[in-house]
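Asks: dropping a prediction and its sequence here:
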Amino acid sequence: MEAANVENTKICTKCKIEMLATKEFFYRKKGGKYGLDTKCKQCLKAIAKKYHKDNPEKHKENRIKWKKNNPEKVKESIEKWVKNNSEKHKEAKIKWGKDNFEKNKEKRKKHYKDNSKKIKEKRKKSYKNNPEKHKEKSRKQTKNLSDSYVACLLKKPVKHLNPQVIETRRLIILIKRELRKNNFKTLETMQEDSTNKNNSEMENNLKENDNKRDLNFEVKNSDDLNKMLSGFLMDVRRGSVTHYSANSINLVADKINKNNLNQLEYKRLSGGDKKIDFFEKE
């Protein structure tokens, strides 16, 4: 067998084109001239493509068989592709998760069950080595009031909570946050500072508007409650209610929210036999 070098050329038996006898143009083949195949790479790829198109089932079967017999090569190939296509891989992963929500959920649940100790150790190590990163993530969750953060405040797993209950708690927290902002702190200051006539006049106007508000509201379902709280949140942001009125609404909403939590927990423990009318839409 003659060795290939840059001066040697080779004619492809398929396309009849003369090319350099190198691995750039030909695949390796024992016994072939210069240790290379008789057909060039492009011709062999075209032949393989046509075969795969004409024999899809057989091609699929061969691929499965090859993957089974070459797990290390498959792993290496996947890792190489992921490294060179990180953005595509991320997008594909997100899309697959959305398109296969239930399947993905079961897959993650099984993975956690089979690897719970490893996952816990990995998390512990990550918290220890990257404290600032996790603090920032926690601050972000707190600011954005993610479902997991709200569920944590309710002391229940997200999977045990109705999304409407989470939304109610989120709205209550937002209203409370608004109450702590400057406009309501100023109102409290105005009550103490009776010497400032402008502030007193402003407070009296707000109280007058507040007196017109009917605090004895009735909500028939969770959608009604959340719509009412959303509207009230806007009023609080506009500063058109007093601190007392906002606290009254919050107390009622809090009570309803806690009752709903108790009902949901009872329903979960009873195997879902209990019907909760409050969550049924009209």
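Replies: Right, received. Where do you want to start? Numbering: from 1, shown residues only.

Asks: any idea which element residue 142 lies in?
Replies: Element membership for residue 142 (DSSP states H and E) is helix 131-144.

Asks: show me what that helix is packed up against.
Replies: helix 147-153 (3 or more Cβ pairs under 8 Å, 6 or more residues apart in numbering; DSSP states H and E). Backbone N, C-alpha and C define where each C-beta goes, glycine included.

Asks: what residues sit buried inside stretch 262-271?
Replies: 263-264, 267 (16 or more other Cβ atoms under 10 Å).

Asks: can you add distance to residue 33 and give these back as JSON lines?
Replies: Shown next, in JSON lines, are the buried residues of stretch 262-271 (distance: Cβ to Cβ, whole Å):
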{"residue": "263", "distance to residue 33": "81"}
{"residue": "264", "distance to residue 33": "76"}
{"residue": "267", "distance to residue 33": "77"}
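
Asks: so where's the stretch 51-200 of the chain shaky on pLDDT?
Replies: 134, 138, 140-141, 182-200 (pLDDT under 70).

Asks: domain map for this protein?
Replies: Listed domain ranges for the chain are 1-69, 70-114, 116-144, 161-279 (source: automatic domain parsing).

Asks: and those as TSV, adding distance to residue 150?
Replies: Listed next are the domains of the chain as TSV, based on distance: least, Cβ to Cβ, whole Å:
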stretch	distance to residue 150
domain 1-69	43
domain 70-114	20
domain 116-144	9
domain 161-279	5
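
Asks: looking at these, which is buried most?
Replies: domain 161-279 (a mean of 15; mean count of other Cβ atoms under 10 Å).

Asks: got the residue ranges for the helices in the protein?
Replies: 41-54, 56-69, 71-84, 86-99, 101-114, 116-129, 131-144, 147-153, 163-179, 182-192, 197-211, 222-238, 243-269 (DSSP state H).

Asks: including distance to residue 23, could these go into a markdown table?
Replies: Listed next are the helices of the chain as a markdown table, based on distance: least, Cβ to Cβ, whole Å:
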| stretch | distance to residue 23 |
| --- | --- |
| helix 41-54 | 9 |
| helix 56-69 | 22 |
| helix 71-84 | 19 |
| helix 86-99 | 28 |
| helix 101-114 | 41 |
| helix 116-129 | 42 |
| helix 131-144 | 45 |
| helix 147-153 | 53 |
| helix 163-179 | 58 |
| helix 182-192 | 72 |
| helix 197-211 | 83 |
| helix 222-238 | 66 |
| helix 243-269 | 64 |
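
Asks: so which of these comes closest to residue 31?
Replies: Closest to residue 31 of those, according to Cβ to Cβ: helix 41-54, at 16.5 Å.

Asks: quick one: distance of that closest one to the chain centre.
Replies: Offset of helix 41-54 from its chain centre (Cα atoms, centre = their mean, to the nearest Å): 41 Å.

Asks: from the contact counts, what lies against that helix?
Replies: So helix 41-54, by 3+ Cβ pairs under 8 Å, 6+ apart, packs with strand 26-28.

Asks: give me the mean pLDDT for the strand it packs on.
Replies: Averaging pLDDT along strand 26-28 gives 90.

Asks: which elements pack onto that strand?
Replies: So strand 26-28, by 3+ Cβ pairs under 8 Å, 6+ apart, packs with strand 36-40, helix 41-54.

Asks: distance to residue 88 added to these, as CSV?
Replies: Shown next, in CSV, are the helices and strands packed on strand 26-28 (distance: least, Cβ to Cβ, whole Å):
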stretch, distance to residue 88
strand 36-40, 30
helix 41-54, 22
